[in-house]
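Engineer: test case, fold it:
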Amino acid sequence: MRACPFAWFSAVLTAVIGVTIAKAGQLCPFTCGDVTGNALIELDDYSAFHDCFGEQPVTPECACADLDGDGDVNLHDYALFALVFDNGSDETPPNCTGAPATFANLTAHRPRNGAGYAPLAKIPVAEVDEESATRGPGVRINAPGDSDPASEDDLIEVLLTVQPPGAAFALRRSDAALRVWTTANKQAGTEIAFAGDRTDALPIGPGQSQITLWIEWAAAAHGAADLDAEPFTSTIVRDRLTFHTFRSIIIVLGGEGQVPVYPFDPNSGTFVVGEALYRAGFDALLYDEDVVAADGSGAAYNAVANAIQNRLVDTVAVFGYSHGGGSTYDLAERLDLNRALLGVFTITYTSYVDSVSNNSDVDTAQELRRPPATGYHLNHYQHGTLFEDFFLDGGPVPNSNPPPTGLDVETTPWGATSTHFQVDDYIQVRSLIESTLDTHTPR
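Structural biologist: Got it, this is the predicted structure:
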């Protein structure tokens, strides 16, 4: 039985349209050589290419085998396929030239403190955390009108590395709140412009393999957004960072005479904890306890006030050792008294380690008051001896954890011989501060 003329005409028309679309590159959204669309160029792709050899690209799969887009799959397509088989590609059919793929890596760092990173170091976000909404790169809100009292330390340093050197790359963002600069202090003319959600080719010179960028969250609202590195000629995501805005600020206060200088002395357990929290993605600020005056005023208070008033931070955590514990109380008290001036916030977490009142450098009184308005208070202390501790002891604090008044470490096997100068260094104490703060405080 002969085919219906209309059916024959329809089949021919479908083939012609298929070839035309294939020539326009509309049937293959995958990169050159990725015939099967699994983001790899492997033996399965060779087999699929072989099945299409000598055919017209009337199916989506064979359209991906027509690398040069000339309407058939022939030896020229095979030559291009051989070029990209081991090297990958940034291109999509019908624009395949056989040029090898380019690659990029984005490395974000934890936030700065003023114009630099001291008393911490420049610490990169771990590769495994780069796309985490909690442990990934945190960024401080830098809304229009922010006075930036700390030298634009709202911006996050990001290193882009490309291969081969000089490769052309662009950035794509998922939220316009992300802005990108080539200078740390937003010098005029150094912003990388976006057209919609994508930049032009980044200013990477011939032979240059790295460029430092500075990322800003320029919106008066919390959020999260992706920043992708893509080859300039394609939309392939070579690396991604997921930024989230900080909702909290962590204040870490050492004991008398403990000045935070990196790398931290392992016997300064409070600063060891502060560094661990910073690495884990918290906006942690480490201080000598003397920055907190007896009335709670000083640099630590100013940092918290700025975060609440200018960065929409609504969560505060404070912990300290020895005189730093006394300063924890003083700071929490001042914050609580000044709520009407500061705005809406919650002190979700405080912790003492052998807390001593800090009305002066020679104060030896136990700090036994629970910090006002704290949602959770952790307390470690030792009862000590006269000659080993020089009258320096913490003590039980009402309504503390572990209930009901905290833990006297000298009642445990691991802390039985503790002195005031050791209690902050036990791994059991440090680990419990880290875990309980993480549980009760969002980043």
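Engineer: ok, how many other residues are close to P403?
Structural biologist: By the measure other C-beta atoms under 10 Å, the count of residues near P403 is 8. In this view, the C-beta of every residue, glycine as well, is placed from N, C-alpha and C.
Engineer: element containing it?
Structural biologist: Mapping P403 onto the secondary structure by DSSP states H and E places it in no helix or strand at all.
Engineer: would you mind giving the secondary structure of G325?
Structural biologist: Taking DSSP: H, G, I helix; E, B strand; the rest coil as the rule, one finds G325 in the helix state.
Engineer: quick check: closest non-adjacent residue to S322.
Structural biologist: The spatially closest residue to S322, leaving aside those adjacent along the chain, is G255, at 3.4 Å (C-beta to C-beta, 6 or more residues apart in numbering).
Engineer: next: F282.
Structural biologist: If the residues on either side of it in the chain are set aside, F282 comes closest to I250, at 5.0 Å by C-beta to C-beta, 6+ apart.
Engineer: check which helix or strand the one you found maps to.
Structural biologist: Assigned by DSSP H and E, I250 belongs to strand 248-253.
Engineer: run through the strands of the stretch 1-150 of the chain in chain order.
Structural biologist: Taking DSSP state E, counting those that start in this stretch, the strands of the stretch 1-150 of the chain run over residues 103-108, 138-139.
Engineer: of these, which is nearest H440?
Structural biologist: When those are compared for distance to H440 using C-beta to C-beta, the nearest one is strand 138-139, at 17.5 Å.
Engineer: name the next helix or strand following that closest one along the chain.
Structural biologist: The first helix or strand that comes after strand 138-139 along the chain, using DSSP H and E, is strand 156-163.
Engineer: pairing partners for the strand holding I250, with directions?
Structural biologist: Strand 248-253 has its sheet partners listed here by DSSP bridges as strand 284-287 (parallel), strand 315-321 (parallel).
Engineer: so of the ones you listed, which one's packed in deepest?
Structural biologist: Among those, strand 315-321 has the highest mean neighbour count (mean count of other C-beta atoms under 10 Å), at a mean of 28.
Engineer: quick check: the residue most central in space within the chain vs L178, distance?
Structural biologist: Compute the mean C-alpha point of the chain, and by C-alpha atoms, centre = their mean the closest residue is P137, 1.0 Å away. Here the criterion is C-beta to C-beta, to the nearest Å. By it, P137 lies 11 Å from L178.
Engineer: what do the two both touch?
Structural biologist: Both P137 and L178 are contacted by 215, 243, under the criterion C-beta atoms under 8 Å, 6 or more residues apart in numbering.
Engineer: export the strands of the stretch 1-150 of the chain to a markdown table and tack on mean pLDDT, mean neighbour count and distance to Y329?
Structural biologist: As requested, these are arranged in a markdown table below (pLDDT from 0 to 100; neighbours: other C-beta atoms under 10 Å; distance: least, C-beta to C-beta, whole Å):
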| stretch | mean pLDDT | mean neighbour count | distance to Y329 |
| --- | --- | --- | --- |
| strand 103-108 | 97 | 20 | 35 |
| strand 138-139 | 98 | 24 | 27 |
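Engineer: format these as JSON lines; extra columns: distance to V162.
Structural biologist: Formatted as JSON lines, the strands of the stretch 1-150 of the chain follow (distance: least, C-beta to C-beta, whole Å):
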{"stretch": "strand 103-108", "distance to V162": "5"}
{"stretch": "strand 138-139", "distance to V162": "23"}
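Engineer: quick check: which of those is nearest to D228?
Structural biologist: Ranking the strands of the stretch 1-150 of the chain by distance to D228, with C-beta to C-beta as the measure, places strand 103-108 first at 8.3 Å.
Engineer: may I have that closest one as PDB, with CA atoms only?
Structural biologist: Output in PDB follows, covering the C-alpha atoms of strand 103-108 (Å, rounded to 0.1, in the frame of the first residue of the first chain):
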ATOM      1  CA  PHE A 103      38.100  26.000  34.200                       C
ATOM      2  CA  ALA A 104      37.700  28.300  37.200                       C
ATOM      3  CA  ASN A 105      37.800  28.100  40.900                       C
ATOM      4  CA  LEU A 106      36.200  30.600  43.300                       C
ATOM      5  CA  THR A 107      37.600  30.800  46.800                       C
ATOM      6  CA  ALA A 108      35.800  33.000  49.400                       C
END
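Engineer: ok, residues contacting it?
Structural biologist: Under the contact criterion C-beta under 8 Å, 6+ apart, strand 103-108 has outside partners 124-125, 130, 136-137, 156-163, 167, 169, 215, 227, 229, 231, 238-241, 243.
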